[in-house]
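# What shape does this take:
(chains A and B)
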Amino acid sequence: MKLTVPAFLGRMAFSALAALIGVVFALPLIWFLFAPFNARAELGLAIPNPWTLSNFFTVFENKFAMQALWNSLIQSVGGVILVGAAATLAAYALSRSSIPGKGAVTYVLLLFSSVVSGSAAMVPIFLIVSAAGLMDTHLAVILVFAGGLLPTAMFILRDFIDSIPKSYEESAMVAGASPVQAFFDVALPVIRPGIVVVVVWAFVNIWGSFLIPFILLRSDTNMPASVAIYSFYSEAGTPTVTLLAAYALIYSLPVIVLYLFVSWKFGFRFFGGIKA
Amino acid sequence: MTTESTTEKPKTKGFALLSPRAGAAFLTPAGLLVAVFVIAPFFWVIFVSFTNRTLLGRTALNPEFIGFGNYLTLFDFDNFFQRGQFGFSLILTVQFVLFSALLGQALLGLLLAWLIQTVPPTVKRITETFVIAAWILPEVVIGFAWFAFLDRDQGTLNMLLTSVGLPPGDFLLEHPFWVIVFFNTWRGAAFSMMLFNSAFSSIPPSYFQAADVAGASSWQKFKDIALPLIRGHIVTDLILITMWTFNTFTPFLLTNGGPSYRTELISIYNYRVAFRDFEFGKGAAVGVIIMLINLAFALVYLSLGRKKRKA
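Residues are numbered from 1 along each chain as shown, chains lettered A, B, ... in the order given. Okay, the predicted model is just below:
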């Protein structure tokens, strides 16, 4: 391809501008590339000398921090199992059964789920959880997220199941399988990629969430890592920056890994449509 | 919607794999969870907003009906616009949405999506990586990263400013509103970038090639070819980022709503009224107003989606 001089300069300007924006986006994060590996890290940017993993060992020895990571895992995995299972069953029913008004169901659920945001519904969610006697339990966080994420999860999965021909299950049923067998043995393996998408999306959402566990959990033993990190840096006195930097990096790792996994497997565009 | 699916698949019309009973059983777990944690809160918040319920004290157990009392307090025009009052938060949130979502995220996303169409792959990949990293990392980590970035004495920003001879500043104290505007623009631009990016790549390349032959500049191609063709995507993007920005709680992690209520967005105001001042009735009334505004946006959005599907 031949380029004229002005066109070449134009391209250079575009690249320079894109790179500049990239740098501006990188600036607040650069600190995170260095501080976790610097035993004397402060809020200032400094290249570690020497590079060390000692901050990570401090985290591993901190009982509260490790407990919080464990709590994040319990809440995320619990919520994901519930969302994955309930959404798959419901989406399959919406796609494959002849229940009257099923089109309207999805529409109404989507409407509700976008209207009832965490910011709008924090008071009633608190009151419902407290009336159910679930205050300060993992189960409260799990159930609230399952309910909140389900409409979108069902919507994604229903679209996915709609795109799969019914003939798979039909031929299984011709061969004598019951509808339930056709679901578990034939449909489920075919739907699996859709379920993976929903599960990853739900996991990232619960793992990263702050507001809901912040208002529903009181005791240190139940707090997830997000609330722990917030309390580490917001409480009076200087935060233990070394610990915090390494801890925040560990806490971010699952999200980064899942993101890379998804973009490798599905191309990253899917993440675009469906972040809550 | 039902008519649509039958016209799409005329062969399977009238035949369902699951009986209505099995279908209902499959729907039950999801139905219960959504009913209790999404639909019930919707009605409960309306109910609570007409009471004087508090977290502690006598009215915690025996709240009284006070009619529109909470709403009258919120819309008390004697102090409506004062800092820390509902009107101040509402207007602050509108400005926040305007600057950080509609101007910041959408314009920056559009610019980025256009730029990365033409730049070399290395530049594209590096820029994309950081823009997307800002978006996918957990909000608490981002909050802390900015807390360190803006630190008055050691933060990276002031280090850079002083190194080029500019005076450092205590931005969280002096310009807290603009800090959260930039913060939210930075945090959310990736979504608009990805949406517009996929919109641009859906345009047939021959359109641009024809324009190239005619000697059109990048700006002309953008303005006269790309922009009119992605108008639908722009509307979708604007509605979604408006809803998300309107409801976001993330700036709380950076500023706690302060100093002196200057970054108290409506979600943070709701949190403070309900969980710091313990006035659940008043907090519920704020929640109802947030939901009404959400409802307006969601209805517009869903009706656009339906129209598109029918067309």
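# wait, what's in contact with the closest residue to B:Phe81 other than its chain neighbours?
What sits nearest to B:Phe81 in space, not counting adjacent residues and going by C-beta to C-beta, 6 or more residues apart in numbering or on different chains, is B:Gly87, at 5.0 Å. (Each C-beta comes from the backbone N, C-alpha and C, glycine too.) In this structure, B:Gly87 makes contact with B:75, B:77, B:80-81, judged by C-beta atoms under 8 Å, 6 or more residues apart in numbering or on different chains.
# possible to save these as JSON lines with distance to B:Val97, pLDDT and secondary structure?
Shown next, in JSON lines, are those (distance: C-beta to C-beta, whole Å; pLDDT from 0 to 100; DSSP: H, G, I helix; E, B strand; the rest coil):
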{"residue": "B:Phe75", "distance to B:Val97": "20", "pLDDT": "82", "secondary structure": "coil"}
{"residue": "B:Phe77", "distance to B:Val97": "23", "pLDDT": "78", "secondary structure": "coil"}
{"residue": "B:Phe80", "distance to B:Val97": "19", "pLDDT": "75", "secondary structure": "coil"}
{"residue": "B:Phe81", "distance to B:Val97": "18", "pLDDT": "79", "secondary structure": "coil"}
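# Tell me the one of the residues you listed nearest B:Gly169?
Closest approach between these and B:Gly169, by C-beta to C-beta: B:Phe81, at 27.2 Å.
# Run a quick neighbour tally on the closest one.
12 (other C-beta atoms under 10 Å in any protein chain shown).
# my read: it touches B:Leu90, true?
No: applying C-beta atoms under 8 Å as the test, B:Phe81 and B:Leu90 come out as separate, 9.6 Å apart.
# quick revisit: can I assume the residue nearest to B:Phe81 sits in a strand?
No: under DSSP: H, G, I helix; E, B strand; the rest coil, B:Gly87 sits outside any strand and is assigned helix.
# what ranges do the helices span in the stretch 151-276 of chain A?
A:167-174, A:179-181, A:188-208, A:211-216, A:225-234, A:241-266, A:269-273 (DSSP state H, counting those that start in this stretch).
# The second one and chain B, any residue contact?
This points to helix A:179-181. Yes: Helix A:179-181 comes into contact with chain B (C-beta under 8 Å from any C-beta of the partner chain), by way of A:179-180.
# which helices and strands does that helix pack with?
Other elements packing on helix A:179-181 under the criterion 3 or more C-beta pairs under 8 Å, 6 or more residues apart in numbering or on different chains; DSSP states H and E are helix A:167-174.
# next one: the longest one
Counting contacts by 3+ C-beta pairs under 8 Å, 6+ apart, the secondary-structure elements packed against helix A:241-266 are helix A:5-34, helix A:54-61, helix A:63-96, helix A:188-208, helix A:225-234, helix A:269-273, helix B:121-136, helix B:139-149.
# Buried ones in that helix, by neighbour count?
When burial is assessed from 16 or more other C-beta atoms under 10 Å in any protein chain shown, helix A:241-266 yields the following buried residues: A:241-252, A:254-255, A:258-259, A:262.
# Find me the pLDDT at A:Pro151, would you?
pLDDT recorded at A:Pro151 is 89.
# actually A:Pro239, not the one I typed
At A:Pro239, the model reports a pLDDT of 69.
# Likewise for the one 10 residues further on?
Confidence at A:Leu249, expressed as pLDDT, is 91.
# So for it, what's the nearest residue that isn't a sequence neighbour?
A:Pro36 (4.5 Å).
# Relative to chain B, which residue of the stretch 101-250 of chain A is the closest?
Here the stretch 101-250 of chain A gets closest to chain B at one residue, A:Gly147, 2.6 Å apart by C-beta to the nearest C-beta.
# Secondary structure element holding that residue?
helix A:138-162 (DSSP states H and E).
# Kindly report the same for B:Ala24.
Assigned by DSSP H and E, B:Ala24 falls within helix B:20-34.
# what's the burial count for residue 165?
Just so you know, I chose chain A. 10.
# my question was about chain B
If we define neighbours as other C-beta under 10 Å, then B:Gly165 has 6 of them.
# Could you look up the SS state of it?
coil.
# How about A:Met135?
coil.
# ok, now which ones touch it?
With C-beta under 8 Å, 6+ apart, A:Met135 has these contacts: A:129, A:216, A:218.
# Which one of the residues you listed is nearest to A:Ala187?
A:Val129 (34.6 Å).
# And the pLDDT at the closest one?
90.
# Also the one 10 residues further on?
pLDDT, A:Leu139: 93.
# ok, it to A:Met223 distance?
As for A:Leu139, its distance to A:Met223 is 15 Å (criterion: C-beta to C-beta, to the nearest Å).
# More neighbours: which of the two?
Counted by other C-beta under 10 Å, A:Leu139 and A:Met223 do not tie: A:Met223 has more neighbours, with 22 against 13.
# How about the contacts made by that one?
The neighbours of A:Met223, taking C-beta under 8 Å, 6+ apart as the test, are A:67-68, A:71, A:213, A:217, A:231.
# likewise B:Asp153?
B:Asp153 is in contact with A:43-44, counting by C-beta under 8 Å, 6+ apart.
# That one should be in a strand, yeah?
No: per three-state DSSP, B:Asp153 lies outside any strand segment and is coil.
# Tell me the confidence at it?
Note for B:Asp153: predicted pLDDT of 82.
# same question, the one 4 residues further on
Predicted confidence (pLDDT) at B:Leu157: the value is 87.
# swap in A:Leu110?
81.
# What is the burial count for the residue nearest to B:Trp186 when sequence neighbours are not counted?
Using C-beta to C-beta, 6+ apart and skipping the chain neighbours, the partner closest in space to B:Trp186 is B:Ala134 (5.5 Å). Other residues within reach of B:Ala134 by the criterion other C-beta under 10 Å amount to 21.
# Where does pLDDT dip in chain B?
Applying pLDDT under 70 to chain B flags the ranges B:1-16, B:57, B:59, B:305-311.
# Grab the longest helix from it for me.
In chain B, with assignment by DSSP state H, the single longest helix is helix B:280-310.
# Low-confidence ranges, the stretch 151-276 of chain A, go.
In the stretch 151-276 of chain A, residues with pLDDT under 70: A:236-239, A:267-276.
# Please tell me how far the closest residue to B:Ala22 other than its chain neighbours sits from B:Ile142.
What sits nearest to B:Ala22 in space, not counting adjacent residues and going by C-beta to C-beta, 6+ apart, is A:Pro179, at 5.8 Å. In this view, A:Pro179 and B:Ile142 are 47 Å apart by C-beta to C-beta.
# what about those two, which has more around it?
Set side by side, A:Pro179 and B:Ile142 show more neighbours around B:Ile142, with 26 against 20, by other C-beta under 10 Å.
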